[in-house]
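Asker: Below are the sequence and a predicted model; questions follow.
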Amino acid sequence: TLVVAPTFLNTFFPASALPGGSVPLTFTILNSNRDNAISELAFTTDFNATLSGLAISQLPADNFCGVGSSATGSSTLSISNVSLASGESCTFEVSVVIPANAAAGAYSNTTSTITYNLGSTPTTSVAVTNTLNVYKAPTATMVFLESQATLGDDVTARFTVTNTDDANGLTAGSLQLEQNAFIPGMVIKTLPSANSCGSGSTFTQSFVNDAFSFLMNNAALAAAATCTFDVVFTLPSSGVPGEYVFSSNAVSGTVSGQQLVGTIASDTLTLVTAPTLSVALSSASVLPGDPLTATFTLSYSNNASAAVTGVGFSIDLDASLSGLLSTSSVQSDVCGSGSEISGTSTLTYSGGSLTPGDTCSFSVTLQIPSAAPPGTITLTSSELSGTVNSSAVSNSSVSQDVLISGLTASKTFVTNPVLPGSATVLR
């Protein structure tokens, strides 16, 4: 802020401005004269003379500094008809847009001579100067080397951080990507080596608020320098298909002693998966020798990008319980033309096809062995597999428990039949 004597007009920009950004220029006008009012105050300021392409983006509403006061202009600001009583002040803002191609530096902004009436006497005050400091903030980009992936895959995100200032170095650079905010359960497999973005730069994974994040700290880049590094993530074993737009926080760093905030890094990862599988049993407990119906349901998300074909899974019944068998015959076209569920000691489903939003179910009858020991058994499927857009996809296995009871009960009347009024024993 530059203060002229006597105190009359103060103007100031923020401490820093970035190319392409918008910043406010704040004006404060004070009538410090104890005896006279000010009227018809006017002045101009040529922003294009300050920095070529510097332009006004927003003006204050009329009457901002007394009735009739106004602000006009696009590259040259004109203030007119300001009126202030003795001892009164007013403050207003004009927003200006920094040209996207502006070079880093300090740019002087000077008003014209200020004219006004002090009481009834025409008066002038000297021009006021302020400085616009333009800094080049760092930029960051990211790109997934695999634009499409399935559950359980490793994917590589390539980050590029650039110091856009061609005269000054960048220090204390930082960047954060909270990957779990986009795909829950996604974890880092491989971090970049230390010093991959300048001497002293570090790369870590943090766990905060039940979520994993990738962090870069202490990046250091020479003027106009760039660093590139890869982070390898592992996708979870289960999830919802769809297009996921990953966005980091804004990269930041210090240039010429000024803390600057730059751009975010963003890219889209398409997650393709097989349908999900659920298993429902007709009873939670059975006796040895009993039949048991298992109903299988395949569900394919509305978020899926394309149809899935070749869906398949298997369940090894004998591995769950020796002698457990399916007594159902082969079933065809149960979830899509050409699909089939078959098998006795191992159930095999193959050839399924579903479009986004589809759900289908089918059932098989299982026979519990008559000599089955009491206890809980677990039916566990393999991972589901399939194909989407010529790419192999998967989804997690599922399990379902059933209790084989070791208790049985029977009853009989010892004397049967009996005469009316006679006694008998129920054993």
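Answerer: Yep, it's here. On a predicted model such as this, the values are computed, not experimentally measured, just so you know.
Asker: quick one: low-confidence parts of the stretch 101-250 of the chain?
Answerer: Low-confidence segments of the stretch 101-250 of the chain (pLDDT under 70): none present.
Asker: can you do 80?
Answerer: Applying pLDDT under 80 to the stretch 101-250 of the chain picks out residues 208-210.
Asker: And the strands in it?
Answerer: 105-110, 114-118, 121-125, 129-134, 139-144, 148-149, 154-162, 170-177, 187-190, 202-208, 211-221, 226-234, 242-247 (DSSP state E, counting those that start in this stretch).
Asker: Which residue ranges of this protein form helices?
Answerer: Remark: helices assigned in the chain by DSSP state H are 47-50, 317-320.
Asker: What are the contacting residues of the first one?
Answerer: It refers to helix 47-50. The contact list for helix 47-50 (CB atoms under 8 Å, 6 or more residues apart in numbering) reads 54-56, 75-77, 96, 107-110, 132. Bear in mind the C-beta positions are built from the backbone N, C-alpha and C, glycine included.
Asker: any idea of the mean pLDDT for that helix?
Answerer: The average pLDDT for helix 47-50 rounds to 96.
Asker: and if you look at the last one?
Answerer: Per-residue pLDDT values over helix 317-320 give a mean of 95.
Asker: can you give me how far it is from the chain middle?
Answerer: Relative to the centre of its chain, helix 317-320 is centred 42 Å away, using CA atoms, centre = their mean, to the nearest Å.
Asker: Just list what it packs against, helices and strands only.
Answerer: strand 346-354, strand 375-380 (3 or more CB pairs under 8 Å, 6 or more residues apart in numbering; DSSP states H and E).
Asker: Show the average pLDDT along the longest one.
Answerer: Put plainly, it is strand 346-354. 96.
Asker: What strands flank it, and is each parallel or antiparallel?
Answerer: strand 308-316 (antiparallel), strand 340-342 (antiparallel) (DSSP bridges).
Asker: Which one, of the ones you listed, ends up nearest to I377?
Answerer: The closest of those to I377 is strand 308-316. By CB to CB, the value is 11.9 Å.
Asker: contact partners of that closest one?
Answerer: By CB under 8 Å, 6+ apart, the surrounding residues in contact with strand 308-316 are 274-275, 277, 298, 300, 335-336, 339, 343, 345-354, 379-388, 393, 397.
Asker: can you check stretch 248-265 too?
Answerer: 15-16, 18, 104, 133, 135-142, 159, 161, 163-165, 168-177, 219, 221, 247, 266.
Asker: and if you look at stretch 329-336?
Answerer: Applying CB under 8 Å, 6+ apart, the contact partners of stretch 329-336 are 298, 309, 311, 338-342, 349, 351-354, 360, 362, 364.
Asker: Among those residues, which one has the most neighbours?
Answerer: For those, the largest number of neighbours (other CB atoms under 10 Å) sits with G352, at 30 neighbours.
Asker: partners of it in the sheet?
Answerer: With DSSP bridges as the criterion, G352 is bridged to V311.
Asker: One more: D401?
Answerer: Note on D401: beta-bridge partners by DSSP bridges are T378.
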